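**Q** Need coordinates for the following:
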Amino acid sequence: MMRIAGTAMIAVSILLIGFVRYEKYKSRPLDLELFIKLISAYRLELKWSRKSFDEIAGSFHYKGYDSYLNEAVSMIGVKSKSEAYMDDNSKFALMNLSDDDAAVLRYFFSESGKGSLLSEVTLCEKTLETLEAKKQEAVAEFKKQGPLSLKLGAVCGAWLAIMLL
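**A** The predicted structure follows:
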């Protein structure tokens, strides 16, 4: 009886590992979409009201990401943008962005607010172009790897259960 319970626990654990991998692939495009929407809103506001990025982020609402934005905005003035939005933000650490994604955002945050209106709009446009490409890559990766992760977790869990019984 104990052997069956132990085997079942191992099989379920392997299935859960597959599910966690699936969720990682699923959330990356959503995480990128947050920054695409946020930088797009900033770019539009630059042309009309010339609000700062932090003002836009403070009033920006995006389902599931409000706690991340609130934490970032609460650190502005005390920390640099990169620290507030990435390095010291505990919610950012929970996002499933690649190192390349983070490098693009780090560059944006380090350069944002330093130049003229034209250079700021150009920075936004180049960042958005790059993030859109990254999002398309992430969606393709999710379609390819996401279901595969679930299936492999299920198959490996079932195989291990059969082998141990």
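**Q** Next, name the residue at the spatial heart of the protein.
**A** Residue closest to the mean C-alpha point of the chain, counted by Cα atoms, centre = their mean, is Asp31 at 3.0 Å.
**Q** Okay, now the unreliable bits of the chain?
**A** Within the chain, the stretches with pLDDT under 70 are 1-20, 146-165.
**Q** Now with 90, please.
**A** Low-confidence segments of the chain, defined by pLDDT under 90: 1-28, 45-64, 66-67, 69-71, 73-84, 86-96, 112-118, 140-165.
**Q** Helices of that one, residue ranges please.
**A** Secondary structure of the chain (DSSP state H): helices at 2-48, 53-59, 66-75, 81-82, 99-111, 117-164.
**Q** Switch those helices over to TSV; also include distance to Lys91.
**A** Backbone N, C-alpha and C define where each C-beta goes, glycine included. TSV is the format used below for the helices of the chain (distance: least, Cβ to Cβ, whole Å):
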stretch	distance to Lys91
helix 2-48	11
helix 53-59	13
helix 66-75	4
helix 81-82	15
helix 99-111	14
helix 117-164	18
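**Q** what's the most buried one of those?
**A** helix 81-82 (a mean of 20; mean count of other Cβ atoms under 10 Å).
**Q** got a list of contacts for it?
**A** Phe53, Asp54, Arg106, Phe109, Ser110, Ser112, Gly113 (Cβ atoms under 8 Å, 6 or more residues apart in numbering).
**Q** Let me see the residues that make contact with stretch 86-93.
**A** Residues outside stretch 86-93 that contact it (Cβ under 8 Å, 6+ apart): 65, 67-68, 71-72, 75, 79, 83, 85, 102, 105-106, 109.
**Q** returning to what we had before: please report the distance of the residue nearest to the centre of the chain from Leu105.
**A** Noted for Asp31: a distance of 10 Å to Leu105, by Cβ to Cβ, to the nearest Å.
**Q** Mutual contacts of these two, please.
**A** With Cβ under 8 Å, 6+ apart, Asp31 and Leu105 have common neighbours Leu97.
**Q** ok so, going back, burial count for the residue nearest to the residue nearest to the centre of the chain when sequence neighbours are not counted?
**A** What sits nearest to Asp31 in space, not counting adjacent residues and going by Cβ to Cβ, 6 or more residues apart in numbering, is Met95, at 4.4 Å. Residues lying near Met95 (other Cβ atoms under 10 Å) number 20.
**Q** so what's Met95 up against?
**A** So Met95 contacts Ser27, Asp31, Tyr68 (Cβ under 8 Å, 6+ apart).
**Q** do the same with Asn70
**A** Asn70 touches nothing, counting by Cβ under 8 Å, 6+ apart.
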